[in-house]
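Novice: Return a 3D structure for these sequence lines:
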Amino acid sequence: MFELLKSEYARYKNWSYLAFVIVLGAFGFIAKLKPFLQEHPLQTAATNMVFIGGAFIFGVLQMALHRRANHWTYLIHRPLSTLHIYSGLTLAGLLLISSVVVVPMMIMVVGTDVFSASVVDSRHYVYILFLMLTATLAYLVGQLAALSASKGILTFAMLFVPILAPRHVNNIALLLPVTLLIAGVLYLNVKSFKPDLSRYLQNPLSILLLAVPMSLSFVFILLMSTTLFYHVPKFIAGTHSDNNPQNGTMRYIWQFESKDRPSYILENSDHPLAKNLMGQTELAEATYLDFDVWTFPRRGQMHVEDRIYALVDSETNTTWQFSHASMLLEGRQSTNGESIGALGENGFVEDLGSIEDSDRFTQVPYLIGKEFVMTQETLYKVNFEERSLDIKFALRGDEVFISPPQFRKEDVVISTNKRLMLFAYKDIMDGYDLAQPDYVIDHPVALENLRYVFTYRVAAGYMLLYFGNDYFGFDKPGAEIILASLGGEKAESIHQRRFELYGHPAWIRHFNYLISPALYYAQFSLLNALEPQDLTFASFERIRAREYPQRVIVISIILQILSGLITLLLVRAHKQGKAHAITWVILATGLGLPALCSFILLNPWHPTSHVFSLQSKDINTQTPALAL
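Specialist: Got it, this is the predicted structure:
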C-alpha cells in the first residue's frame, strides 16, 4: 500500500508544487494589500472556491484516470485488497491537497503570529483545520462522482450548505457536521471502489447515505423548477403578480412610492389622526430600517466571521484588535507595532501584567465604526485620546440587542429583542454621558414576523409603517401604522390592515413543505441547531406551530403516498433483494417526491449495462431494468 501511495504522490507532486507556489503567491499579494487575517468577503469566497472546487476536480480527475479500462485492470490486479488500494490512492491525494491547503495557510498564519504585532489566536489555526476538512470532503465527493455508477452524485454539492452558510454556535457545530459527512462519504467510496464499477450500491446503509443528501438537494432543484413551469410562463403571459400585483395583496404595496404607502394602508381607517397623517407623510422623507437579526460573535469563532477587524484611531495612530484568548482589545502603534496596553470591560489597562479577570470582557463584542464597542447588553463609547471607556446605553433583564446601531442623519436607531429605540444623533455621538432614547416603540408583533419597517418624521414625532408576509402570523400578511410621540411615551397603533388575497397560490407559496414535510422539518431544524440566533432558520417548535392551508396538507399526503407506490412498482420491476426494496419504499414514503427522484438516479435505467470484469473488459452482463 505504501509503494502505491508513493507512486501516486509522485504522479502529481509537480502539479501540487506549482499549485502551492501559486496559492502562496496569492496570499502574499493579499498580505501586501491588507492584513492577511482581516476578513474580506471576496477573499473568503475565493479561498473556498479554489480549495473546495480544486479538491473536487482533483478527486474526479484522479479516479477518472484510474478507472479507464486497461488502467483499472492493472490497478485491481495488484496483490492488495481493494481497501488497501483505495487507501493508498486516497492518502496520497490527501497529502497532495494538504500541501496546497494547509502548508500555505500555516506559513501565512505562523508568519503573522511570529513576525507581526497582529493578534493571532487559536481560532486562526482552527480555521486551517476547517479548510482542510472541507477540502477533504470535496475531494471525497469528487472521488465518489467518478467511482459511482450514478452521475447524480453531483447533487452532493448541497452538502456544503450547512457547513459554509451558518455562523456556527460553537466549534462542535462547526467541525462535527463536516467530520460526519467525511465519514459517510468515505464509507460510500470504499463500497464503490470495486472491480465492477457499473454495479449500483444495494445495501441499506449505502442507500440511506446516498438517498438522504441527494433528496435534500432535490428539494432545492424542485424549488428551482417552479421558475420554469410557473414563474416564467406567468411572466410571458403578463399575469405574474410581480408585474401586475392585485389590489388587496401585500405585493401591491410596492406599487406606491415610499411617501404614498401610509396613505394606502390608512385609506379605510376611521382613526381621527388618519387623514392628518396621510397628508404629512406625503411630504415626509421615508427611511428604511434594517430589521435583520444579527448573530452576535462568539468566543473562538472563525476570523472570517468577524465583521470588523479592529478599531483604528487616526488621531493617536493606534490600532485596537480584539483577542479571543485574552478577551481584551489589545492596542499597538500602527506604525511600529509597539504594544500600548489593552482595553477591557472596565476601561484601559496600561500594564498588561496587572490585568485581572474582572477587566476582561465576558462576551466577544461588536466593534462599530471607529469608537464604539457593543456587547449584547451594553453599548460603549471609547475615547482613545483621553483613555476612557464610557457606557452610552445599557439594557436590563433579559433584553438584548439584536443588531448594531443604525446611524442616520438626525438620529440613531437601536433594536432589541423587545423594542425599537430612536436616540438623538448628538446624544450618541457627542459627549460621554448615558444616552436616553427620545422614542421607544415596543415590537407590535413577534420578532420573527417583522420584515419591513419604514419611518416617517411627522409633527407629533415619528410614524412607523410595519408590513410583511407573516406580519399577523405564519402566511398571514398585513401592515400596521404606529405613531411614536417625543419623550418615550407609549407608541399608539393607528391602523392595521390585513391582506386577504395572495399573489401566488398556496401550493407555490408552500412548495418546499408540500414536496416533503419531513425534509422541510429536517433542513430548518438542522440550520437552527447550528445557528439558533438566525430567525430565518425556524426551530422545530416554530414549524410545528405553523398552520398550513388544508389543500397543501392534502396534496402533500397524496404526493407521499404516490411516491411510495411508484417506488414500490419500480423496485418490483427491478427484482432486487428484499432489504433493498424495503429501504427504498420506506424512504420514498417518508421523504416523498425528492426520494423518488433520488431512486431514479441511484438505480440503472436500462435493461442491460456493460459491466467490466477482471476476466474480460468486453463481457456484457444483464442487469434488471428500471421501469420509467
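Novice: so where is the protein shaky, pLDDT-wise?
Specialist: 487-489, 606-628 (pLDDT under 70).
Novice: Where do the domain boundaries of it fall?
Specialist: Using automatic domain parsing, the domain ranges for the chain come out as 2-199, 216-238+507-610, 249-294+402-502, 296-398.
Novice: Convert stretch 525-540 to PDB, retaining C-alpha atoms only.
Specialist: Extracted C-alpha coordinates of stretch 525-540, given in PDB (Å, rounded to 0.1, in the frame of the first residue of the first chain):
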ATOM      1  CA  SER A 525     -34.100  22.200  12.400                       C
ATOM      2  CA  LEU A 526     -30.500  21.400  11.400                       C
ATOM      3  CA  LEU A 527     -29.700  25.000  10.400                       C
ATOM      4  CA  ASN A 528     -31.500  26.300  13.600                       C
ATOM      5  CA  ALA A 529     -29.300  24.000  15.700                       C
ATOM      6  CA  LEU A 530     -26.200  25.300  14.000                       C
ATOM      7  CA  GLU A 531     -27.100  28.900  14.300                       C
ATOM      8  CA  PRO A 532     -30.100  29.400  16.700                       C
ATOM      9  CA  GLN A 533     -29.800  33.300  16.700                       C
ATOM     10  CA  ASP A 534     -30.800  33.500  13.000                       C
ATOM     11  CA  LEU A 535     -34.600  33.700  12.900                       C
ATOM     12  CA  THR A 536     -34.800  32.700   9.300                       C
ATOM     13  CA  PHE A 537     -33.800  29.200  10.400                       C
ATOM     14  CA  ALA A 538     -37.100  28.300  12.100                       C
ATOM     15  CA  SER A 539     -36.900  25.900  15.000                       C
ATOM     16  CA  PHE A 540     -38.800  22.600  15.100                       C
END
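Novice: Do I have it right that Y439 meets G461?
Specialist: Yes: using C-beta atoms under 8 Å, Y439 is in contact with G461, at 6.1 Å. The C-beta positions use only the backbone N, C-alpha and C, and glycine is treated the same way.
Novice: Looking at the two, which is more packed in?
Specialist: Counted by other C-beta atoms under 10 Å, Y439 and G461 do not tie: Y439 has more neighbours, with 23 against 18.
Novice: Relative to L447, how far out is the more buried one?
Specialist: Per C-beta to C-beta, to the nearest Å, Y439 is found 19 Å from L447.
Novice: Y187 now?
Specialist: Note on Y187: its distance to L447, by C-beta to C-beta, is 42 Å.
Novice: For G344, grab phi and psi.
Specialist: The phi/psi pair for G344 (degrees, to the nearest 10) reads phi -120, psi -170.
Novice: for it, what are its contacts?
Specialist: 327-329, 355, 359-361 (C-beta atoms under 8 Å, 6 or more residues apart in numbering).
Novice: how close does it sit to R299?
Specialist: Using C-beta to C-beta, G344 is found at 14 Å from R299.
Novice: So L501: helix, strand or coil?
Specialist: With DSSP: H, G, I helix; E, B strand; the rest coil as the basis, L501 sits in coil.
Novice: Kindly apply the preceding question to E480 instead.
Specialist: The three-state label given to E480 by three-state DSSP is strand.
Novice: these two touch, right, it and F499?
Specialist: No: E480 is beyond contact range of F499, at 11.8 Å (criterion: C-beta under 8 Å).
Novice: any common contacting residues for Y439 and G461?
Specialist: Joint contacts of Y439 and G461 (C-beta under 8 Å, 6+ apart) are 484-486.
Novice: Highest neighbour count among those?
Specialist: That'd be A484 among the shared contacts of Y439 and G461, by other C-beta under 10 Å, with 26 neighbours.
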